[in-house]
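A.B. asks: I need the structure of the sequence given here:
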Amino acid sequence: MAANWAERISVFSSSPSRFLCGTTAEAFLAELLRELRDDRASYSVKVLLLSPICEYPTLLCPSDSVGEETALELMSVFAQCPSKYVQFRCQLLLALTSALICTSCVSNQSRASQDFLDLLLQVAQDTSDLQGDGALRYLRAAACDCLRELEACSPGLLSQHLELLGGLRQREGSRLHQAYAGLHTLVLRNSVYQLTQEAGAGAEHLKALLGGNTTVAWEAEQDSGLMKHKDSALLASLILGPMGTVPTLQTGSDSKELRSVLSSLLEESYLLTPMCQASLLYRLTEVVAMVPGVPPSVFRAQLLRLLGTSEVCLLHATLLMKCAFTDSLFSAEDEAFILKRLVVLSQHPLLSTPEKLLYMDCILHFPENRPIGCGDGDETLPVLLTPRLASALLPTVLNDSATMLARLNLLSLVYLEEGGGRGEFRAGLPLRTPELAAAHRGTRGSREMVVTFFRATFLFLFYFSHLERFANRLLEKLCTLYFSHTHLAPQLINLADQTQEKLPESNWALRLLRALQGVITEAPLAQLNSQDLSQHLKMLARVAEEGEVPQQSTLSFLSRILTQSPASLFMSGDWRLGNSLLGICRRLLDHPSLDSLLIPQADILQHLACSYGDTDIQDHARLYYTLLTTLSREKLVSVLAQGLTEGGRQVKKRTLSSIMADSEGLTSTLSIHHTEEAIIKLVEAQSEQQEAIQSDVDSDQNQTENCPNTLTAYRLFSIRLHFTLTDNHYEELSDISVPCLFRERPAPIVKLRLNAIFTTQDGLSWLTVLPDIHVAFQQTFLPPPVPPAWGRGNTLSLFESLWDEINSESGEEDLQDCATSLFCCQLEEDALVALVKEHFLPFLISKFDEEETKVLFFLPPQSHVLLEVKSEEDAVHFKIATDDWQLLPHISSYLLTITTSQKNLRADCEA
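C.D. replies: Residues are numbered from 1 along each chain as shown. This next block holds a predicted model:
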């Protein structure tokens, strides 16, 4: 049995949904609880049985009532379990906590949750093993963890027990003291916050809360209940935002009880682990921020230890404390010391890279005592960070990429603040010396070095593009770099794109493209190979998108490589090379200065059409030549379907009639894209027992912005519907194809599917997930598939033949799956008539007014269910016959549902 349960639990944990295809969640939960109550099962197996409840409580307990019943069962098991099985009892507490929290029993203050809370408090107070082996200590630790989880999920739940928790913390001398201190601090923070939300709450309520007089403290608790979810969300952090938004509790100067509790917690904080200390300090900071009557100086005794700490979490807690209290707790000397310490730690050789990056980020978000800015979360420099202090963070060639870029970013802000306004730099500006040069040398190395170089370049442009002298020098260096390393063309194109996007007021990107155009067109052809030529053409295609850049030199370069390059370069018919040439010509067709480019471009296209070694390239060149020489500019723009331009750069807009010249355009066409939301759905047809697919007519503007315009037009092609089974109640269905779906046409009738692949009129393929369709058992019923010419007599003869065959006693192999059953219920005569009209009318075989009603259901592909319904003296009898015995439970459940609803409807009408 133990091995069997281990295997079943393993199968369930690997795939709960697949496991539940063979059973139900209710049945599996009942098995688990029954085995947990069985005294013959070993406790090691019982620990294993609790894992599904701990890991999947919402799956096994889908409702609050089921969760409460499960909790009561588990508490009964806990009460009967001997105290020596500590591991099992701890696991029971965790399972109870998971079940009650995930089914909302705790937030609804159910009876089971109240009993469980009393049980946890009782276990937490049990110190009877202080002189023993300490086994009960593990159970108390588990109870403390469960209490903390309950309080975190339902803030304010333990507010009435604050004094009790404080006493437990003070009396505990073992290592459990840390758990009690964390729980006490959490409850204190939540309780004070709840007081700030109570109208009229003041010093006396706080004093009563800390003193255990819950009647005075929570006289309005029955009306207020537990904290709402939005208040719970606010509790996530009260001090990370502007301090003016922190709720406050006005207590005046009479807060000595709270000060006493805070002092006691702070004095004992050094006993905790660094992470627990940081958590305690963070929560106590929130408490003091919410109670102005308690001065921040209560933390003063801890500052010396915190300022010298080497723990990241404690230093972060100190910075949060500084953000909350500024100069009311930290002096100017403290502020300068913290900043210098952050600078030292951000370059400490014994620290890891993530830690040093964190310290640099803390510098950029340093909470100053008297901040100049508005503190909106952007990166700003503290006033005390001078260039001399920051010079310790100069990047070096030994730094890794992340550290180098972070230091570069920080120093750029420093020197921009110091000398950017005058347009000059100090001699030690890092951007001018070794780092860019080192990254420049790194372009011959790994991809990481290349990425670092271009990111550093972008950082420089982001901060200093307005300084012409240095921007021009950088431009020259990049041109020299490209001439030596043409494979960097994609990175340079991306640099130009990002600079144009992030710095729209700067023309540096335009100047870069113009300079690169000059480098390419003036290069000697004798040293040109096919790899360099491919990168040159890619760069010139990007330059051709700029309407402000003259293109005569580009056409001159193309003409030279066509006429002066070795014949083998083009006679070989390299499709990629020819496509790159056509890509430039394609963009020049929509250039603002097309009139001046007409003759040289026509010559190039004619040469490609006549001499290039690839037929596809010749055909495209011939088409472009025809368009160029025969259409007016307005018609040419319309044919190319380019639409408007943004900032002088062409904007691509694909349609089925667009002319695509480069292979890059094929990538998106051959890929399947995912829609943001479902744009089509399946609905049940009312007139036929089939499913209909129709477009979602929701015209929400947000969806229109998320999806391309072609999707919202509802002209979809080649729709491929695919269904994925979630259980084993139905056979697998093959995919269904729908040729097209237009919004203005009637929806086609198709079978049920779950997701769809379709093609839009722009040639792109999309994958969309359809909303779930839940098929009830009765939705599979169909009338018998008999010829249309059959009358009622023939259909009745069919019913009688099937009934006799299913009820026959012959042992033929074909009849082994046949079965009969009887379902009885109490129904009045008029209620039975109403039930037949509502549910059985489309499948009725006999006449409606006959004493015995005969019904025949056909379930595809070849199953039948026959009913004979007759009202007897004691009850209504539903005689059932079917050629598939596996359908009997579903038939019985269906009959129970419709008869119960009919009786309830009758009772409501009489009432």
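A.B. asks: Next, the buried residues of the longest helix belonging to the chain.
C.D. replies: Of all the segments assigned as helix in the chain under DSSP state H, the longest by residue count is helix 888-910. Of the residues in helix 888-910, those scored as buried under the neighbour-count criterion (16 or more other CB atoms under 10 Å) are 888, 890-891, 894-895, 899, 902-903. (Glycine included, C-beta is placed from N, CA and C.)
A.B. asks: Once you drop chain neighbours, what's closest to Glu26?
C.D. replies: When the adjacent residues along the chain are set aside, Glu26 lies closest to Val66, with 7.5 Å between them (CB to CB, 6 or more residues apart in numbering).
A.B. asks: Please identify the buried residues of whichever helix or strand Cys144 is part of?
C.D. replies: Secondary structure assignment for Cys144, by DSSP states H and E: helix 135-153. Of the residues in helix 135-153, those with enough neighbours to count as buried (16+ other CB under 10 Å) are 136-137, 139-151, 153.
A.B. asks: ok, now stretch 597-605?
C.D. replies: Buried-residue list, stretch 597-605, by 16+ other CB under 10 Å: 597, 600-601, 603-605.
A.B. asks: which residues sit against it?
C.D. replies: With CB atoms under 8 Å, 6 or more residues apart in numbering as the test, stretch 597-605 has contacts from 551-552, 555-556, 558-559, 562, 581, 585, 588-589, 591, 594, 621-622, 624-625, 628-629.
A.B. asks: Out of those residues, which sit inside helices?
C.D. replies: Restricting these to those inside helices, with DSSP H as the criterion, leaves 552, 555-556, 558-559, 562, 581, 585, 588, 594, 621-622, 624-625, 628-629.
A.B. asks: now the residue nearest to Glu26, what's its secondary structure?
C.D. replies: helix (DSSP: H, G, I helix; E, B strand; the rest coil).
A.B. asks: where does the stretch 351-500 of the chain dip in pLDDT?
C.D. replies: Filtered on pLDDT under 70, the stretch 351-500 of the chain yields the residue ranges 372-378, 419-445.
A.B. asks: Show me the helices in it, by range?
C.D. replies: Secondary structure of the stretch 351-500 of the chain, counting by DSSP state H, counting those that start in this stretch: helices at 353-364, 387-390, 401-419, 434-442, 447-464, 468-484, 489-502.
A.B. asks: What values do phi and psi take at the residue nearest the centre of the chain?
C.D. replies: Centroid-nearest residue in the chain, with CA atoms, centre = their mean: Glu676, separated by 12.7 Å. Taking degrees, to the nearest 10, you get phi -70, psi -40 for the backbone angles of Glu676.
A.B. asks: Quick check: it vs Leu767, distance?
C.D. replies: Counting by CB to CB, to the nearest Å, the gap from Glu676 to Leu767 is 12 Å.
A.B. asks: Is the nearest residue to Leu822 once chain neighbours are set aside bridged to anything, and to what?
C.D. replies: The spatially closest residue to Leu822, leaving aside those adjacent along the chain, is Lys879, at 5.9 Å (CB to CB, 6+ apart). Judged by DSSP bridges, the bridge partners of Lys879 are Leu822, Glu868.
A.B. asks: I'd say Lys879 and Val855 touch.
C.D. replies: No: here Lys879 lies out of contact with Val855, judged by CB atoms under 8 Å, at a distance of 10.4 Å.
A.B. asks: Quick check on these two: which one has the bigger neighbour count.
C.D. replies: Neighbours of Lys879 and Val855, each counted by other CB atoms under 10 Å, are more numerous for Val855; the result is 21 against 17.
A.B. asks: Report pLDDT for the more buried one.
C.D. replies: Here the pLDDT value assigned to Val855 is 90.
A.B. asks: ditto for Leu796
C.D. replies: According to the prediction, Leu796 has pLDDT 86.
A.B. asks: quick one: it from Ser846, how far?
C.D. replies: 7 Å.
A.B. asks: Then Lys538?
C.D. replies: Counting by CB to CB, the gap from Lys538 to Ser846 is 79 Å.
A.B. asks: now the strands for this protein?
C.D. replies: Here the chain has its strands, by DSSP state E, at 645-646, 649-650, 672-674, 680-684, 691-695, 715-722, 736-742, 749-750, 755-760, 765-769, 819-825, 853-859, 863-871, 876-882.
A.B. asks: Would you mind giving those as TSV with distance to Leu495 added?
C.D. replies: Converted to TSV, the strands of the chain look like this (distance: least, CB to CB, whole Å):
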stretch	distance to Leu495
strand 645-646	19
strand 649-650	15
strand 672-674	27
strand 680-684	41
strand 691-695	43
strand 715-722	39
strand 736-742	43
strand 749-750	50
strand 755-760	33
strand 765-769	32
strand 819-825	75
strand 853-859	65
strand 863-871	67
strand 876-882	73
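A.B. asks: Ok, which of these comes nearest Ala471?
C.D. replies: Go through these one by one with CB to CB and the one that ends up closest to Ala471 is strand 649-650, at 20.6 Å.
A.B. asks: before we move on, back to that, list just the nearest of the buried residues of helix 888-910 to Thr353.
C.D. replies: His890 (61.3 Å).
A.B. asks: show me what contacts that closest one?
C.D. replies: With contacts defined as CB under 8 Å, 6+ apart, His890 is in contact with Phe777.
A.B. asks: From here on, call the first residue 240.
C.D. replies: Noted, 240 is the first residue going forward, which turns the last one into His1129.
A.B. asks: got the contact list for the closest residue in space to Glu388 that isn't next to it in sequence?
C.D. replies: By the measure of CB to CB, 6+ apart, the closest residue to Glu388 outside its immediate chain neighbours is Thr336, 5.6 Å from it. By CB under 8 Å, 6+ apart, the contact list for Thr336 reads 355, 385, 388-389.
A.B. asks: Tell me, how many residues neighbour the spatially closest residue to Phe1062 that is not a sequence neighbour?
C.D. replies: Nearest residue to Phe1062 in three dimensions, chain neighbours excluded: Phe1117, at 4.0 Å (CB to CB, 6+ apart). By other CB under 10 Å, 20 other residues sit near Phe1117.
A.B. asks: these two touch, right, Phe1117 and Leu1106?
C.D. replies: Yes: in this structure Phe1117 lies within contact range of Leu1106 using CB under 8 Å: 5.8 Å.
A.B. asks: For Leu275, give me its contacts.
C.D. replies: Per CB under 8 Å, 6+ apart, neighbours of Leu275: 285, 288-289, 312-313, 316.
A.B. asks: go again using 10 Å as the cut-off
C.D. replies: Residues counted as contacts of Leu275 (CB atoms under 10 Å, 6 or more residues apart in numbering) are 284-285, 288-289, 292, 312-313, 315-316, 320, 327, 331, 334.
A.B. asks: Make JSON lines from these and add neighbour count and distance to Asp365 to it.
C.D. replies: As requested, the contacts of Leu275 are exported to JSON lines (neighbours: other CB atoms under 10 Å; distance: CB to CB, whole Å):
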{"residue": "Val284", "neighbour count": "19", "distance to Asp365": "27"}
{"residue": "Lys285", "neighbour count": "22", "distance to Asp365": "22"}
{"residue": "Leu288", "neighbour count": "23", "distance to Asp365": "25"}
{"residue": "Leu289", "neighbour count": "23", "distance to Asp365": "22"}
{"residue": "Ile292", "neighbour count": "26", "distance to Asp365": "24"}
{"residue": "Glu312", "neighbour count": "20", "distance to Asp365": "23"}
{"residue": "Leu313", "neighbour count": "23", "distance to Asp365": "19"}
{"residue": "Ser315", "neighbour count": "13", "distance to Asp365": "19"}
{"residue": "Val316", "neighbour count": "19", "distance to Asp365": "19"}
{"residue": "Cys320", "neighbour count": "16", "distance to Asp365": "15"}
{"residue": "Phe327", "neighbour count": "21", "distance to Asp365": "17"}
{"residue": "Leu331", "neighbour count": "24", "distance to Asp365": "15"}
{"residue": "Ala334", "neighbour count": "26", "distance to Asp365": "20"}
